[in-house]
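Undergrad: quick one, structure for this:
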Amino acid sequence: MNEEAQTRFPAIFWYANLTELFERAAYYSMASFVVIYLGQLGLGTYWPAMINTLLWFLIYFLPILSGTIADQIGFRRALLGAFVLLAIGYFLMGYPVWLGGAGLAPTIEREVTAGANVVLPAVVGILLIGFGGSIVKPCILGTAQKTAGLRATMAFAIFYVVVNMGSLFGRAVAFYVRTRPGAALSAIFAVASTMAILAFLVVAGLYRGPETEPGAGTAGRPRKSVAEILLGMIRVILNLRFFLFLLVSCGFFFLYNQVYVVLPLYLKTVVESKPAMDIYTMANPLVIVCFQLLVTRLFGRMRPIRSMIVGTVIIGAAMALNVIPIVVGGDLRASLAGWLPVGSSIVVASIALGAFAELFTSARMYEYVGAMAPKGQEGLFLGYANLPLAFGSLAGGPVGALIFNEIMARGATRRPDGLLDLVPSMNATGWIILMAVGFLSALSMWLFNRWLEKAEAKEKAQASGT
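TA: Below you'll find the model as predicted:
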């Protein structure tokens, strides 16, 4: 086999990436609207955030378990089952409007008015989406790893680009479909179900699993039982260094989660009655696609911890941007250059700046965890590196909803058009609290690293007998 054949990606690699594109398109076609949609269905202003948090937690936490299940039954079977779960889950999210007799209220009220015909399919749908989605990524990443050969770095770079292309594609299609005459917001779940079905067809018709591809690479890691995985998780969390890192790094992912909790609530209830959240949140993947290589080239040699601290400060500053129109006394609903309301424009800028924060933080976190792990346990710790994402997201929903409802919206009055007029001081306080979470998280991360460096230096001194 010549060198070109050894470094060329096999067909299964591209089929896996096509599958990932449709899966991400399905997820992001509806992700920006979950809190708004459930609120309009009558679940109030707290429960939609709680349900959305459950979804994020499952997607980040369950791959620890679902990856092992996929290894045991094979990637192809796992993916086929995952997309069945996803298609049904997305359908159940739209079911209350399509077949359950529920309607979408024009505004989101604090009180819960929805009945079992709404709550039951919505919760089951979220569970299925979380379980199904947690299976997909380990399979696609596993395929990339096993088929990359000598081009692993390029393989994962392609994967990351495909993720963001799928995000853009799903949001664009959802916007087109939901804005057609006579369409309701529930149409986004029809888009998501369709994308999941397309992914199923790609797997059924083209994908055969990396073990069936000639020259597909080395075999995967030894299989672990669920009990071994749970014991490994306990072992990692009980490690003082990792536990402290888990605490200090959760702040970043807590704030990242607010793009899908506080920002939709803020826009829908305060700024405009029909915010184009799918279009607004496209700022995130657009920034990543356009600036990933530049940021990597300019800051790739920055130490991982410094990069993470910079990213956490940036995402705190992204939240602080929303204070600007409040301080200058501008009208949040006034049109900016005849296009977007001022409040919406600032939110888009917040999302874009948060994407820069992600470029500095997300990938470097894995590098830092690997370096922090005890010698010989790097693989074990990296296997649980997603825990900060899971627990940061777990806190993001309830705390974000609390900040919005009990601080930002305290003393608010409702306008004739259904939007809220917030008390400026309370509105600013909420954003300042979110900013402070970012800045305090960055400070705690710096302090943790200083402590870790001193502890490691002391251990080395003791080991050398000096």
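Undergrad: those strands in the chain, which residues are they?
TA: 335-336, 340-341, 413-414, 420-421 (DSSP state E).
Undergrad: hey, least reliable of the ones you listed by pLDDT?
TA: Comparing mean pLDDT across the strands of the chain, the weakest is strand 335-336, with a mean of 82.
Undergrad: other SSEs contacting it?
TA: Secondary structure elements in contact with strand 335-336, counted by 3 or more CB pairs under 8 Å, 6 or more residues apart in numbering; DSSP states H and E, are helix 342-372. C-beta coordinates here come from the backbone N, C-alpha and C atoms, glycine included.
Undergrad: about what we covered before: closest to residue 464 out of the strands of the chain?
TA: strand 340-341 (61.4 Å; CB to CB).
Undergrad: what strands line up against the closest one, and which way round?
TA: Looking at strand 340-341 with DSSP bridges, its partner strands are strand 335-336 (antiparallel).
Undergrad: run the chain-centre distance for the strand it pairs with.
TA: In terms of CA atoms, centre = their mean, to the nearest Å, the centre of strand 335-336 is found 30 Å from the chain centre.
Undergrad: which other residues reach that strand?
TA: 341, 342, 345 (CB atoms under 8 Å, 6 or more residues apart in numbering).
Undergrad: could you dump these into TSV with neighbour count and distance to residue 184 added?
TA: As requested, the contacts of strand 335-336 are exported to TSV (neighbours: other CB atoms under 10 Å; distance: CB to CB, whole Å):
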residue	neighbour count	distance to residue 184
341	20	23
342	18	28
345	19	26
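Undergrad: ok, which of the strands of the chain comes nearest residue 271?
TA: Evaluated with CB to CB, these place strand 340-341 nearest to residue 271, the distance being 5.4 Å.
Undergrad: find the nearest non-adjacent residue to residue 398, please.
TA: On the basis of CB to CB, 6 or more residues apart in numbering, the spatially nearest residue to residue 398 that is not a chain neighbour turns out to be residue 50, at 6.0 Å.
Undergrad: that neighbour: neighbour count?
TA: Other residues near residue 50 number 16, with proximity taken as other CB atoms under 10 Å.
Undergrad: isn't it right up against residue 399?
TA: No: look at residue 50 against residue 399 with CB atoms under 8 Å: they stay out of range, at 10.8 Å.
Undergrad: low pLDDT regions in the protein?
TA: 1-7, 149-150, 152-153, 211-226, 337, 376-380, 382-383, 465-466 (pLDDT under 70).
Undergrad: how is it carved up into domains?
TA: For the chain, the structural domains run 8-223, 224-466, going by automatic domain parsing.
Undergrad: pick the most deeply packed of these.
TA: By mean neighbour count, with neighbours taken as mean count of other CB atoms under 10 Å, domain 8-223 ranks first of the domains of the chain at a mean of 20.
Undergrad: tell me the contacts of residue 89?
TA: In this structure, residue 89 makes contact with 124, 125, 126, 127, 128, 129, 132, judged by CB under 8 Å, 6+ apart.
Undergrad: what sits closest to it if chain neighbours are left out?
TA: If the residues on either side of it in the chain are set aside, residue 89 comes closest to residue 128, at 3.2 Å by CB to CB, 6+ apart.
Undergrad: return the residues in contact with that neighbour.
TA: Each residue near residue 128 by CB under 8 Å, 6+ apart is listed here: 85, 86, 88, 89, 92.
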